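Novice: give me a model of this one.
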Amino acid sequence: MARVNRKRMHDLRIEKGYTQEELARTADVTLRRVQDLEKKSGTNPTLDTLSRIARALGVPTAELILDTE
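Specialist: Predicted structure coming up:
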């Protein structure tokens, strides 16, 4: 099972100089989704959502996944 690496997502967003609102707009996802992914454990995004966020952050999608095995 894989989940979002919330800390990595947050750190990448800060490195890019994005607010949560700017990341949401750039990735074409809702602000609530970005907030949930950064703050709530157990939140499972679709691959499409994760890919959009990764693309907006300029990283491979795999970089946002936390392996929990």
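Novice: do I have it right that I53 meets T30?
Specialist: No - under the criterion of Cβ atoms under 8 Å, I53 lies out of contact with T30, with a separation of 11.4 Å. For glycine as for every other residue, the C-beta is placed from the backbone atoms N, C-alpha and C.
Novice: who's more crowded, these two?
Specialist: Neighbours per residue, other Cβ atoms under 10 Å: of I53 and T30, the larger number sits with I53, 26 against 12.
Novice: check which helix or strand that one maps to.
Specialist: In the assignment (DSSP states H and E), I53 maps to helix 47-57.
Novice: pLDDT score assigned to E22?
Specialist: For E22, the pLDDT comes out at 98.
Novice: in a helix, it, correct?
Specialist: Yes - E22: assigned to a helix according to DSSP: H, G, I helix; E, B strand; the rest coil.
Novice: so where's this protein uncertain?
Specialist: For the chain, the stretches with pLDDT under 70 are 1-2, 41-43, 67-69.
Novice: pretty sure L31 is touching Y18, no?
Specialist: No - counting by Cβ under 8 Å, L31 sits too far from Y18 to count as a contact (11.8 Å).
Novice: neighbour count winner among the two?
Specialist: Neighbour totals were compared for L31 and Y18, and Y18 leads with 18 against 14 (other Cβ under 10 Å).
Novice: for the helix holding I53, buried residues please.
Specialist: Burial within helix 47-57, assessed by neighbour count using 16 or more other Cβ atoms under 10 Å, is assigned to 49-50, 52-54, 56-57.
Novice: measure the spatially closest residue to K39 that is not a sequence neighbour to R13 for me?
Specialist: Distances taken as Cβ to Cβ, 6 or more residues apart in numbering put R6 closest to K39, at 7.1 Å, once the chain neighbours are dropped. Here the criterion is Cβ to Cβ, to the nearest Å. By it, R6 lies 11 Å from R13.
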